[in-house]
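1. Sharing a model that was predicted from the sequence below.
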Amino acid sequence: MVQSEAVILRHQKTFRSEFVEACKARVKDAKGTYLPKTFGTELLDEEQMCGTLTREESLDLHNAIITGKFYTLTQTVLDGILTSGSSAEFPFDVAHDEVEIIRQTSSASFILGRSGTGKTTCLAFKLLSSYIGSRANMEGGLSPDARPVRQIFITRSEILAGKLNGYIRRLIDCQLGRFESDDIDSIGMDILKEKDEGSEARDLWSLTDTDFPLVCTFDRLLAMVETSIKKGGRKFWDPTIPESGTTTRGINTNNPTRIPREVDAQIFIDHYWSKAPAGIKKNIPVDLVFSEIMGIIKGSTSSLLGRSLKSLTREEYLSKSCRVAPLFTSEAERKQVYTIYEFYEKLKAEYRDWDGVDRTRDVLVQMRESPALVGRLRDIIEEIYVDGE
């Protein structure tokens, strides 16, 4: 707000005297209430505005108007400013199309757009609208057993998750008239920090209403689901299903000195690509190979849906259209990539390593085989918002 004062004063320097007089006009109705007065568009004609700005000031003003955020002045905004000053957080005005997305609640929403077009903002405001609505229903006594909707906001970056966590909680608190909280940013951060501290992730059943909305990465959510399954066990979710055998993941009997780990792009380069025979990796980029293995061969929808959660066979991969798998289009390249995939899976089994798709598959298998687990998850998590960037 303090920074905005200079922009506002700079903008006012461009107003003609007629515009200034129009701003001073006050209209009182029969009840003594002052109402806004309407004028013609000629008062807003930029060509008639007084040019008293330097070139640098004009550029700064242009940037502020184009990229700046505008807020509707409401009683809630005024109360927040008077109570918390610049630390208060409010939803800013968005375009009409974005308002329609935020208000759409009859079905799931898929927002597609380039970076910086407001997708994350739409998701955050959509979450806020739903949460405030659930609080209104609860406090209005519409349902005696009502609770605030339990929402999870998933993003890819831990840094972004931390920032969004504080931003969303400040928005909620200000909308609910809670302006005195000094530690809003720290609420919910214990879940994000668990991985850094080396402790086991919390299970979902231990979450309370104060933990929601929960903002976290997909890796953190997956870890929480894994802990929930581990603590409960398949037999806990459905007594008709016998316990599965103990997994050998994480136990490297062939090389006790090497610590098994989850394979990401860097580990793939350092521990797998370097050991692959030169003949199968000749003239092919390693970063694209790893993306193809994770995203197409192991992680495509056709490999995860409607089947036994297995990777694509060589024949299935070679027959994929270029639209679905555009990184490698020639048959020779795809044969080479699939050979590398087979080498990777064999070495990974020897290392007792795993990757993100392996973890996801394990969870999906448990959920497919245990309807009771799925039912309990749906009781705990009611809405999920996924930010793909």
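-> Great, that's in hand. Please read all numbers here as calculations on a predicted model, not as lab measurements.
2. Wait, a strand at residue 257?
-> No - Residue 257 is assigned coil when assessed by DSSP: H, G, I helix; E, B strand; the rest coil, not a strand.
3. neighbours around it, how many?
-> 5 (other Cβ atoms under 10 Å). C-beta here means a position set from N, CA and C on the backbone, and glycine is covered the same way.
4. gap between it and residue 369?
-> Separation of residue 257 from residue 369 (Cβ to Cβ, to the nearest Å): 36 Å.
5. And the helices in the stretch 101-250 of the chain?
-> Secondary structure of the stretch 101-250 of the chain (DSSP state H, counting those that start in this stretch): helices located at 119-139, 158-175, 189-193, 218-232, 234-237.
6. Columns mean pLDDT and distance to residue 322 on top of the ones you listed, output as TSV?
-> Formatted as TSV, the helices of the stretch 101-250 of the chain follow (pLDDT from 0 to 100; distance: least, Cβ to Cβ, whole Å):
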stretch	mean pLDDT	distance to residue 322
helix 119-139	89	27
helix 158-175	91	32
helix 189-193	55	39
helix 218-232	87	28
helix 234-237	48	41
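7. CSV for these, including distance to residue 296 and mean neighbour count?
-> What follows is those, written out as CSV (distance: least, Cβ to Cβ, whole Å; neighbours: other Cβ atoms under 10 Å):
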stretch, distance to residue 296, mean neighbour count
helix 119-139, 24, 18
helix 158-175, 26, 19
helix 189-193, 31, 16
helix 218-232, 19, 18
helix 234-237, 30, 17
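8. who wins for proximity to residue 289 among these?
-> Ranking the helices of the stretch 101-250 of the chain by distance to residue 289, with Cβ to Cβ as the measure, places helix 218-232 first at 22.0 Å.
9. just so I know, which of the helices of the stretch 101-250 of the chain lies nearest residue 353?
-> helix 218-232 (15.9 Å).
10. Counting by contacts, list what the closest one packs against.
-> strand 151-155, helix 189-193, helix 356-369, helix 371-380 (3 or more Cβ pairs under 8 Å, 6 or more residues apart in numbering; DSSP states H and E).
11. what residues does that helix touch?
-> Helix 218-232 has contacts (Cβ atoms under 8 Å, 6 or more residues apart in numbering) with 152, 154, 156, 158, 161, 191-192, 194-195, 200-205, 216, 356, 359-360, 362-363, 366, 373, 377, 386.
12. quick one, it and strand 151-155 angle?
-> 130 degrees (axes from the mean of the first three to the mean of the last three Cα atoms, to 10 degrees).
13. how many other residues sit next to the closest residue to residue 29 other than its chain neighbours?
-> The spatial neighbour of residue 29 that comes closest, neighbours along the chain excluded (Cβ to Cβ, 6 or more residues apart in numbering), is residue 35 at 5.8 Å. Other residues near residue 35 come to 9 when the count uses other Cβ under 10 Å.
14. for residue 35, what are its contacts?
-> Listed by Cβ under 8 Å, 6+ apart, the contact set of residue 35 reads 27, 28, 29.
15. Next one: residue 240, what pLDDT does it get?
-> Looking at residue 240, its pLDDT is 49.
16. sorry, back to before: just so I know, which of the helices of the stretch 101-250 of the chain lies nearest residue 327?
-> Proximity to residue 327, assessed across these by Cβ to Cβ, is greatest for helix 218-232 (22.0 Å).
17. Using PDB, write down the CA coordinates of the closest one.
-> Extracted C-alpha coordinates of helix 218-232, given in PDB (Å, rounded to 0.1, in the frame of the first residue of the first chain):
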ATOM      1  CA  PHE A 218       2.600 -33.900  -4.800                       C
ATOM      2  CA  ASP A 219       5.600 -35.700  -3.300                       C
ATOM      3  CA  ARG A 220       4.500 -34.600   0.200                       C
ATOM      4  CA  LEU A 221       0.900 -35.700  -0.400                       C
ATOM      5  CA  LEU A 222       2.100 -39.100  -1.700                       C
ATOM      6  CA  ALA A 223       4.300 -39.500   1.400                       C
ATOM      7  CA  MET A 224       1.300 -38.900   3.600                       C
ATOM      8  CA  VAL A 225      -0.800 -41.400   1.700                       C
ATOM      9  CA  GLU A 226       2.100 -43.900   2.000                       C
ATOM     10  CA  THR A 227       2.400 -43.400   5.700                       C
ATOM     11  CA  SER A 228      -1.400 -43.800   6.100                       C
ATOM     12  CA  ILE A 229      -1.300 -47.100   4.300                       C
ATOM     13  CA  LYS A 230       1.800 -48.300   6.200                       C
ATOM     14  CA  LYS A 231       0.300 -47.500   9.600                       C
ATOM     15  CA  GLY A 232      -3.100 -49.000   8.800                       C
END
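18. okay, the angle between that helix and helix 158-175?
-> 90 degrees.
19. will you turn the helices and strands packed on helix 218-232 into TSV that also has distance to residue 75?
-> Formatted as TSV, the helices and strands packed on helix 218-232 follow (distance: least, Cβ to Cβ, whole Å):
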stretch	distance to residue 75
strand 151-155	26
helix 189-193	31
helix 356-369	46
helix 371-380	35
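20. Sweet, I'm off.
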